[in-house]
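S.K.: below: sequence and its predicted model.
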Amino acid sequence: MTAQPRVLVIGGTGGTGSEAVAHLLRRGAQVRVVSRDPERARTLPALAGTEVVAGDSSRPETLAAAFQGVDKVYYVPPTLPGWDEVQSATVALAADAGVRHFVKMSAIGVAADEPSMSLSFHWKGEQDVERSGMAWTHIRPSSFFQNVLLLDVASLQNENRIYAPLGDARVAKLDTRDIGEVVAVVLTEPGHEKRAYELTGPAALSYPEMADVLSEALGRRIEYVDLTADEYEAHLVATGWPEWVAVEFASIYGRGFYRAGGSSFVTTTVEDLLGRAPRSFADFAADHADVIRG
Ligand SMILES: NC(=O)c1ccc[n+]([C@@H]2O[C@H](COP(=O)([O-])OP(=O)(O)OC[C@H]3O[C@@H](n4cnc5c(N)ncnc54)[C@H](OP(=O)(O)O)[C@@H]3O)[C@@H](O)[C@H]2O)c1
């Protein structure tokens, strides 16, 4: 491995990508980020010190220049319909450009027949990468703590409630800050090729237990409201989410892997790779209490 790999991060303006970029820079990597909006990307503090180039990851043909001279890639496909083909074309482009190591954001629970769009497109993407001839590493995190900021802030602020279709299933969620740090280790240290890393936080919590943690952090009682998958889908639509987002979140959490308790196990992978325990949900809640309170 070169002392300073040249790394392209596709998705570097996003949640795990920006964390990975910050840690890659600290580790001495040369980092290029491709973004649809390079002007905005250059203003992001986590990206200071990177080369930012223009490109739209939903149109792989716009990424050709970004791949030039790159040793390694961290690829974060956003959760969007129709990304099977986009992902396949991007992997092929990377291999043609001579990329040596392709690190793909995937997900725990990937399977060809999962009802969730993203769990099945990640499964297909993993197959694409493994067949590409490049060295590969799959990053398979459990559900992100940061989804609270995406899905639950309004109901926490207005009703002191979180809604989900999980029943009493436990989920070993984790923090995107830890995912980004793991990605930087994988890209800058040897020995991570041909590995699929299942990443979890330090504990598998039920949603009532997560509500208790949020109650403690916010200093007021938070209630968990358990919904069926269909009810959750209707709840998301009623709160303004597009239909496809509602279907995806109801499917991923309420119709397959997660509701069946698929992510109720804890792995030691984050601690093995970082040499410290992963952040807990209590850490996340304390760090974001002001944002959640509004
Ligand atoms: N949320 C979870 O609990 C969870 C758990 C496991 C795995 N995952 C996986 O993690 C990934 C999401 O990770 P993330 O939160 O780090 O990514 P993200 O922030 O959602 O998106 C990554 C990048 O995609 C680009 N992008 C967004 N919308 C786009 C569009 N319409 N067309 C083209 N590019 C677009 C953006 O880059 P620019 O705007 O700069 O171009 C963005 O920085 C998904 O693959 C998901 O399946 C999520």
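M.R.: Received, thanks.
S.K.: use CA for all of it now, contacts and neighbours both
M.R.: OK.
S.K.: tell me the phi and psi of whatever residue of the stretch 51-200 of the chain ends up closest to the ligand?
M.R.: For the stretch 51-200 of the chain and the ligand, the shortest gap (CA to the nearest ligand atom) falls at S143, measuring 3.4 Å. Main-chain dihedrals, S143, degrees, to the nearest 10: phi -60, psi 140.
S.K.: please name the nearest non-neighbouring residue to it.
M.R.: Leaving aside its sequence neighbours, S143 sits nearest to K173 (CA to CA, 6 or more residues apart in numbering; 4.8 Å).
S.K.: now for the one you found: which residues touch it?
M.R.: S142, S143, F144, F145, T200, G201, A203, A204, L205, F281 (CA atoms under 8 Å, 6 or more residues apart in numbering).
S.K.: state the pLDDT value of the fifth one.
M.R.: Note for T200: predicted pLDDT of 98.
S.K.: could you shift the numbering so residue one becomes 8, and keep it that way?
M.R.: Got it, the first residue is 8 from now on, which makes the last one we talked about T207.
S.K.: from what I can see it touches E278, true?
M.R.: No. The criterion here is CA atoms under 8 Å, and T207 misses it with E278 at 9.8 Å.
S.K.: before we move on, what SS does I146 have?
M.R.: What DSSP: H, G, I helix; E, B strand; the rest coil gives for I146 is strand.
S.K.: any idea what it is bridged to?
M.R.: M112, Y204 (DSSP bridges).
S.K.: low-scoring stretches of the chain, by residue?
M.R.: When residues are selected by pLDDT under 70, those of the chain lie in 8-10.
S.K.: circling back to that earlier point, T207 and E278: who's more crowded?
M.R.: Counted by other CA atoms under 10 Å, T207 and E278 do not tie: T207 has more neighbours, with 32 against 18.
S.K.: sorry, back to before: secondary structure and distance to L163 added to the contacts of K180, as CSV?
M.R.: CSV is the format used below for the contacts of K180 (DSSP: H, G, I helix; E, B strand; the rest coil; distance: CA to CA, whole Å):
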residue, secondary structure, distance to L163
S149, coil, 22
S150, coil, 19
F151, strand, 17
F152, coil, 15
T207, coil, 24
G208, coil, 22
A210, coil, 22
A211, coil, 22
L212, strand, 18
F288, helix, 16
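S.K.: by neighbour count, which of the residues you listed wins?
M.R.: Busiest of the contacts of K180 [other CA under 10 Å] is T207, holding 32 neighbours.
S.K.: list the residues that contact it.
M.R.: Contacts for T207 (CA under 8 Å, 6+ apart) come out as P148, S149, A179, K180, L181, V273, T274, T275, T276, V277.
S.K.: check contacts around S113.
M.R.: Here S113 is in contact with L126, H129, W130, G132, E133, H145, I146, R147, P148 (CA under 8 Å, 6+ apart).
S.K.: dump these to a markdown table, plus neighbour count and distance to the ligand.
M.R.: Converted to a markdown table, the contacts of S113 look like this (neighbours: other CA atoms under 10 Å; distance: CA to the nearest ligand atom, whole Å):
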| residue | neighbour count | distance to the ligand |
| --- | --- | --- |
| L126 | 25 | 7 |
| H129 | 27 | 7 |
| W130 | 20 | 11 |
| G132 | 26 | 10 |
| E133 | 25 | 12 |
| H145 | 26 | 11 |
| I146 | 25 | 8 |
| R147 | 20 | 7 |
| P148 | 24 | 5 |
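S.K.: mind listing what's buried in stretch 61-78?
M.R.: The neighbour-count criterion (16 or more other CA atoms under 10 Å) identifies A61, G62, S64, S65, P67, L70, A73, F74, V77, D78 as the buried residues of stretch 61-78.
S.K.: most widely separated two among those?
M.R.: S65 and D78 (21.7 Å; CA to CA).
S.K.: can you count the residues close to the residue nearest to V190 when sequence neighbours are not counted?
M.R.: Closest residue in space to V190, ignoring its immediate chain neighbours: A27 at 5.9 Å, by CA to CA, 6+ apart. A27 has 29 neighbours, counted by other CA under 10 Å.
S.K.: just checking, A27 touches V192?
M.R.: No. Applying CA under 8 Å as the test, A27 and V192 come out as separate, 9.1 Å apart.
S.K.: mind listing what L243 touches?
M.R.: By CA under 8 Å, 6+ apart, the neighbours of L243 are A253.
S.K.: show me what contacts Y265?
M.R.: L173, A176, V178, I259.
S.K.: how about those in TSV, adding distance to A55 and secondary structure?
M.R.: Shown next, in TSV, are the contacts of Y265 (distance: CA to CA, whole Å; DSSP: H, G, I helix; E, B strand; the rest coil):
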residue	distance to A55	secondary structure
L173	39	coil
A176	41	coil
V178	34	strand
I259	35	helix
